[in-house]
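Student: The sequence isn't on hand, but the structure is:
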C-alpha cells in the first residue's frame, strides 16, 4: 500500500516517552541556565526550542520525508539548546542538514524502487559533497574577500577626522547579525591612520567561546587610503574565518558627500565551499558594514 493510502499515524507510547525525555532534558538545562544568572536567555534559547521539540515528538510524520523532517528538526532543536547562544551555528547549518537528510532519504527510496542492482553505485555520490576540507578532499577557494561601499553625508575632511579618531562601540544595526546573535566587538579602542597605529576589537565571552580580541595595525598610509594587517586574533570568530588584510579608501563625491570603501580579505574556515562560502560572504559583508558604523556612522 502506498504512503498516500496509509491511515494517519497515531501517537504511540514511544511518542510520549520521547516527549517526556525531551522535556526532562529541557528542565535540567533551564534550571542550570537560570542558576547561572541567565534567566532572560533561558526562555529564548532553552524553553522555546524544548517546547517545539516536544510538540514535534507528539506529531509523527505521515510520510517518510515527514518523519525524517520531524527527527531532523528535533535533533537540531536539542543541539540548539545544548549550545545555548551558540544556536547561531545550528541555524546556519540547518539548511545543509535538511538537504543531506532529505536527499539521502530520496536516494534510498529510489534505490529501493529500482530494479537494477548497479543503481546502488549512486550511494557513494552522497559522500562527495562532504569530503571537502576533511583531509581526503581538497579545499576549494578558501581565500575570499568582501567589499562594502557607503556614501556618507559628510565632507571628505570630516570623514578623515572621524577615521583618524578610530572606531567606537555602536549598537548593531544589521538585521541578520542581530537575528542570529552573531558575535560583534563590544570593547573597541585605538586611533590613528599613520603606519604602526593599532585598532583593537574586543569580544565578550559567550557560548560561542571565551571572547578574545582582534588587533589591526596600519600597514601603509597614503592620502585618503590606508591598509591594515591583522597582527593578533584570539577572537571567538577565529574558528570560522581568519582575517587577512583590509584596505580602506575614501574620496569626495561632492562638497557634502564622501564615498567610503573598505575591502577585507579573509580565509574561510568552514566547508563545504558551495554552502558556507556564500553564507560567510553575506555575514562578513554585514560585519564589515558594522565596522563602518563604528568609524563613519551613517
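Tutor: Done, it's in. Being a predicted model, the structure only gives us computed values, none of them experimental.
Student: Could you list the residues in contact with the host helix or strand of residue 67?
Tutor: Using DSSP states H and E, residue 67 sits in helix 64-83. With C-beta atoms under 8 Å, 6 or more residues apart in numbering as the test, helix 64-83 has contacts from 3, 22, 25-26, 29, 45-46, 49-50, 52-53, 56-57, 59-61, 87, 89-91, 94, 97-98, 101-102, 105-106, 109, 207. From N, CA and C alone the C-beta is placed, and that goes for glycine too.
Student: one more time with 7 Å, if that's ok
Tutor: The contact list for helix 64-83, computed with C-beta atoms under 7 Å, 6 or more residues apart in numbering, reads 3, 22, 25-26, 29, 45-46, 49-50, 52-53, 56-57, 59-61, 87, 89-90, 94, 97-98, 101-102, 105, 109, 207.
Student: other SSEs contacting the strand or helix carrying residue 215?
Tutor: Per DSSP H and E, residue 215 falls inside strand 212-222. Where contact means 3 or more C-beta pairs under 7 Å, 6 or more residues apart in numbering; DSSP states H and E, strand 212-222 is packed against strand 198-203, strand 225-233.
Student: would a markdown table of these with mean neighbour count, distance to residue 213 and mean pLDDT be doable?
Tutor: Shown next, in a markdown table, are the helices and strands packed on strand 212-222 (neighbours: other C-beta atoms under 10 Å; distance: least, C-beta to C-beta, whole Å; pLDDT from 0 to 100):
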| stretch | mean neighbour count | distance to residue 213 | mean pLDDT |
| --- | --- | --- | --- |
| strand 198-203 | 20 | 4 | 94 |
| strand 225-233 | 16 | 7 | 96 |
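Student: Of these, which is nearest residue 147?
Tutor: Evaluated with C-beta to C-beta, the helices and strands packed on strand 212-222 place strand 225-233 nearest to residue 147, the distance being 13.7 Å.
Student: hey, where'd the strands end up in this protein?
Tutor: Using DSSP state E, the strands of the chain run over residues 143-152, 187-190, 198-203, 212-222, 225-233, 241-254, 257-268.
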